[in-house]
Each structure stands twice: as C-alpha cells, then as structure tokens.
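> Sequence first, then the predicted structure, then my questions.
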Amino acid sequence: MEPKKVEIPLGQLLINEKKISNEQLLNALEEQRKTGDRLGHTLINLGYITEDDLIRILERQFGIPAVKVNIQMLNPLIVKLIPETICRKYRLIPILLNENRLTVAATNPYDLSFVDQIKFTTDYSIEVVLSPEKSILDAIHVCFGKREYDWEDNQDKEEEYHNYKISAAKMLDMLFNQAYNMSAREIHLEYFENRFTILFLTTSSVIKSRPVQDQYYKHIAANIKSLAKLPLHSKEFSEGIFRKNISNREFMIRVLVFPTQAGENILLKFP
C-alpha cells in the first residue's frame, strides 16, 4: 500500500487525540533537538505515549495498515529474501509472500527509501505495513541473532554484519515451527549445484522455497546429523531419529540422508 500524503503533523495529531498536551509536545521537541531522534521515539522515551499509541496514530496518518509481528509469523525462507543489512538498517522484516507481492513490516513510515532497494533485489512488488519497533527488533534478533549495534552510527561495519549468517540451530527451529504451523508431514532439503531448496509436504500440497545459498545447507545438515547421531561426512545412506519440542509438543523426527552426485539430500519425517 502506498502511503498517503501527510497533512497533519504527528505532534498535532497526538494533541488532537488527547494523547499529549501542548507542553509535553514542546518538551519533546526540545529533547528531540538534543538527541536527533524521531519525535515518536522521543515521546515514548519521555513516557508521554506508548509504542502502541504511536503505531495507531501513524497508521491513520499515513494510511498504512499496522500489524504486530510475532515469531509464529516468520517464515525463514521469506525472511532470507531481504539482506540482513537492510533489515537491520531500516528496522524491517519481511512477513508474507503472496504470488509476486512481498509484505514487509517496518517501523518508520517517514523513510521508505528501502522499497526501491528491495524491489531491485527481489523483483517483487512491495507492500509496507507498520509494526512496533520492539516486535520487529525481536524478529530480527530471532532471525539474525541479537547484536548491540547501531546501524546509523556504525555504517563502516555494514560489511561485517552482512557476512553474519543465521545460526543453524535457529534456522532449523524456524523450519520446524513453519512445518508445524502448516501441518507438514515432511521437510525435504535438496542440495544441487551449490544451492539447496527446502520443500514442505502437507497432505494436500508441496510448498517449495526459492533456492538458498549452499553454506546454509552445510550448517543445517551438520546440525540435523548431530541431533540424530549420524556420521557427518559419510557418503552412504544413513537413517536416524531424534526428539524435538515444537510449540510445546514433543515429536520424534525421523531423518533419512541420501547421497547424490551433487552432495546429499535430507528427508525429515514427522509421525
């Protein structure tokens, strides 16, 4: 959704909604001049409004729908469509892919310069929704790892963080949660030509991911084999089993490893 033209400033909207007083706005503007932070965050830090108050006002001000991101909404295959550097820099997370439209939850409707970058990177059309910053930061921490890092003050470290990858354990957890949420009976990890694809098999469909860089396969495969107590570097068929807690339920996951000319494929079967 394209944001509409802003006609009433945020501070005045909050006054009109009786969320803050004129005196509080003046105090916040003075504090903002000292810190250089956005007005909305300044008002939150001063205790004048809550983050939910801010999102509701911004939703009306810009005409952009608001969504509160939670961990269950995250699909690791969709999250990986946008580089970590962009997610951290602009405080955003991709949450839904519907045909050729990618929905991105963001915190700052005043700066949507990332839209063109994502269009160029993914070839998808982009729909922006608003979400509280805390929920997006929590999502970024789950997907990419928690970092005490300020992108605005440390641009020179962007390349360093671009090279940081989702840990195998966290990504595997996200795959299991995704499979559980869609009632998948199997997860297929298919390795070919230095890339790998993930497929979720349900009782009625096969959901296929876009190809993912091979380094993720190597780390995830090693993690799975370790859990199932299988040899890490064997070139023969192997089979194992391990227990996994998913959404407060314990499952016995059966693991089958198939050697191929390009490497190997792994099949994870749920009971």
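Thanks, I have the structure now.
> got the buried residues for the strand or helix carrying L97?
Here L97 sits within strand 92-98, counting by DSSP states H and E. Within strand 92-98, the residues that count as buried by 16 or more other C-beta atoms under 10 Å are L92, I93, P94, I95, L97. Every C-beta, even on glycine, is put in place using the N, C-alpha and C of the backbone.
> Quick check: buried residues in the helix or strand encompassing I198?
Taking DSSP H and E as the definition, one finds I198 inside strand 195-201. Buried residues in strand 195-201, defined by neighbour count with 16+ other C-beta under 10 Å: F196, T197, I198, F200, L201.
> Hmm, which of the buried residues of strand 92-98 is lowest in pLDDT?
When the buried residues of strand 92-98 are compared on pLDDT, L97 comes out lowest, with 88.
> distance of the residue nearest to that one when sequence neighbours are not counted from I93?
In this structure, L97 finds its nearest non-sequential neighbour in I78, 5.1 Å apart by C-beta to C-beta, 6 or more residues apart in numbering. Applying C-beta to C-beta, to the nearest Å, the value for I78 to I93 is 9 Å.
> So which bits of the helix or strand encompassing E59 are buried?
For E59, the host element (DSSP H and E) is helix 51-62. Neighbour-count burial for helix 51-62 flags E51, D53, L54, I55, R56, I57, L58, E59, Q61, F62 (criterion: 16+ other C-beta under 10 Å).
> which SS state does N223 fall under?
helix (DSSP: H, G, I helix; E, B strand; the rest coil).
> Just confirm it contacts L172, I think it does.
Yes: under the criterion of C-beta atoms under 8 Å, N223 makes contact with L172 at 5.5 Å.
> quick one, helices of the stretch 1-150 of the chain?
10-16, 22-35, 39-45, 51-62, 76-79, 84-90, 114-122, 133-144 (DSSP state H, counting those that start in this stretch).
> so who does the closest residue to N22 other than its chain neighbours touch?
Leaving out its chain neighbours, the residue that sits closest to N22 by C-beta to C-beta, 6+ apart is I15, at 6.4 Å. By C-beta atoms under 8 Å, 6 or more residues apart in numbering, the contact set of I15 is S21, N22, L25.
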